[in-house]
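>>> Sharing a sequence plus its predicted fold:
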Amino acid sequence: MPFAVRSRRASRHQGRHRRHQWPALLAVLLATFMDLVDVTIVGVALREIQTELGASYAAGQWFTAGYALAFALLLVAGGRLGDVHGRRRVFMLGVTGFTVASALAAAAPSPGLLIAARVAQGACGGVMVPQVMSIIATEFRAGPQRTLALSLYGIVLGAGQAGGPVLGGLLLSGDLPLGWRLIFLVNLPVGAIALAGAWRWMRESRADRPPRLDVPGTLLVTLGSLLLAYPLVQGRELGWPAWTVVSMAAAVPVLYAFARLQRHRARRGLAVLVPPSLFRIRSYTAGLALLFVLFCGVSGYFIVLTWTLQFGLGWSPLKVALTGLAWPAGIACTAQLTNRFGPPRARALVTLGTPIMAAGTVGLAWSWDANGAALTPRDLVPWMIGAGIGMGLTIPILSNLVLGELPAADAGAASGVLNSVIQLGNAMGVALAGVVFFGGASGLAPPSAPAPEYAAWGARALLLSAGAFALAALLAPLLPRRVAPADPCTPAPGRHGKPDSEPGSDEDYRLIGTHR
């Protein structure tokens, strides 16, 4: 074929790609927004859901924790599936499954079926979300376009987290016929649009060297997580029977067996879910522990906020949601400054931000305990803004700081583990907050009858979050001093200092930045 003809065809192909890349980005960002909203929107609807379905407090915890746990356990495997079977195909399967699970959640006639639908949503989200960063890297080469795409992704993350509770409050306060079921039904048109956009505009891509999925490792870590999480959520309500203690104790040898399996497979050159070599790097191990306890505290903070203000004081979902905006408002005060000026002094900012989060949470607990039934948004907002300011100093740079001392070739696997640990922290935070909160409030009124005494027990449960933030502050000195100056979407260098493949063909960027 003459060179001129090939050149014209290549030019037309590039032109079509440039026209399609932004609609393709819109499709994946729309699906990301749907996933984020579904995480946060459920919190403001818990009272209505539990009242209509006659759900126990433990079931209410599973509405949130079940989603986070399933998401965490499928996150790394979801990325692997995209590398092997094609990111467009796996993304579309994830969106389809998420949309169908949303319809099932909206139609759920009982707590058990709603929990099952929420777990299915989390699992589909764990398959869908890991493809987003890979698709951005595939569709946008390094430079201003990729920077803009990543900026839009960051905006969607913030909008989904802050907008979910407000959207839920608006839907629930509108006295609409379907009530809380609308919070799941809104996903149907959003999912359909995202699916149509992906089918029409997204290109298929796979890893040049697709990794295999570590099925035994996935099963073992799933079993160990369930052995630990299930009795934490159900144990208090059942009176802590012997099997709950046995289950939590059994989680230790199961997780130990998982670690041994990973070392054995690594020595034999087989695919592993978690490369053992990562844990020989002190800053990474300490960073995972920091992120786990930090997000335990964050998820506990927000679930206790919902339980206390809705169940205890009878606040409307919209009032709770608008009051809760004080936290992201605090984050907005410092997050952009941290992003812009923080990388050279990242560890110092984390060391400063985590105690501020702890102090703001202690102040919030004191305000709840002091005001009781007379609590108003004015008593909460200053403390919540303060805690948000601390988080704005911490979160924007924390993931890349934890990954800062790792070899570039390990960035994909390491970031997948990091984001799974964050989601496990979210699930465990909900479970532990329930143990503290309902351990004292179990003799109070049922969810449908507000009881002001809940404020005192909410204050005690908030101290658990404050302790988690303080522990994170103690772990911060083990992190590197600064964020490594690297593009999270840049493939690892090859043997001669150049990328082994085109952008988007390796896994090194896959999961960086996917945490909530």
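Great, that's in hand. None of these values were measured; they are calculated from a predicted model.
>>> ok, Val132 touching Val28?
Yes: in this structure Val132 lies within contact range of Val28 using C-beta atoms under 8 Å: 4.9 Å. From N, CA and C alone the C-beta is placed, and that goes for glycine too.
>>> who touches both of these two?
Phe91 (C-beta atoms under 8 Å, 6 or more residues apart in numbering).
>>> neighbour-wise, which of the two wins?
The neighbour count for Val132 versus Val28, taken as other C-beta atoms under 10 Å, is higher for Val28 (29 against 24).
>>> ok, the more buried one - contacts?
Contacts of Val28 (C-beta under 8 Å, 6+ apart): Phe91, Gln131, Val132, Ile135, Ile136, Ala194, Ala198, Met202.
>>> OK, contacts around Ile397?
Going by C-beta under 8 Å, 6+ apart, the list of residues near Ile397 reads Thr338, Asn339, Gly342, Pro343, Ala346, Leu349, Val350, Val483.
>>> what's the farthest-apart pair in these?
Pairwise distances across these (C-beta to C-beta) peak at 13.7 Å, for the pair Asn339 and Val350.
>>> out of the two, which sits in the more crowded spot?
Val350 (28 against 13).
>>> From Arg460, how far out is the more buried one?
In this view, Val350 and Arg460 are 27 Å apart by C-beta to C-beta, to the nearest Å.
>>> swap in Gln423?
With C-beta to C-beta as the criterion, Gln423 and Arg460 are 26 Å apart.
>>> Counting neighbours, go ahead and name the busier of those two.
Legend: neighbour count by other C-beta under 10 Å for Gln423 and Arg460, higher for Gln423 (27 against 17).
>>> In a strand, the more buried one, correct?
No: counting by DSSP: H, G, I helix; E, B strand; the rest coil, Gln423 falls outside a strand, being helix.
>>> for the nearest residue to it once chain neighbours are set aside, what are its contacts?
Distances taken as C-beta to C-beta, 6 or more residues apart in numbering place Ala72 nearest to Gln423, at 3.3 Å, with adjacent residues excluded. Applying C-beta under 8 Å, 6+ apart to Ala72 gives the contacts Gly126, Ser225, Asn419, Ser420, Val421, Ile422, Gln423, Leu424, Asn426, Ala427.
>>> Near Arg280, how many other residues are there?
Count around Arg280 with other C-beta under 10 Å applied: 9.
>>> Do you know the pLDDT at it?
In this model, Arg280 is scored at 84, pLDDT.
>>> what's the distance between it and Pro407?
From Arg280 to Pro407 the distance is 12 Å (C-beta to C-beta).
>>> How about Tyr301?
Distance from Tyr301 to Pro407, by C-beta to C-beta: 35 Å.
>>> between the two, which one's more packed in?
Tyr301 (25 against 13).
>>> how far away is that one from Val362?
For Tyr301 relative to Val362 (C-beta to C-beta), the value is 12 Å.
>>> Now for these two: what residues contact both?
Common neighbours of Tyr301 and Val362 (C-beta under 8 Å, 6+ apart) are Leu462.
>>> related to what we said a few turns ago, give me the pLDDT for the residue nearest to Gln423.
81.
>>> could you pull out the helices for the stretch 401-516 of the chain?
411-441, 454-475 (DSSP state H, counting those that start in this stretch).
>>> Please render the ones you listed as CSV that adds mean pLDDT and distance to His264 to the earlier fields.
As requested, the helices of the stretch 401-516 of the chain are exported to CSV (pLDDT from 0 to 100; distance: least, C-beta to C-beta, whole Å):
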stretch, mean pLDDT, distance to His264
helix 411-441, 77, 17
helix 454-475, 89, 29
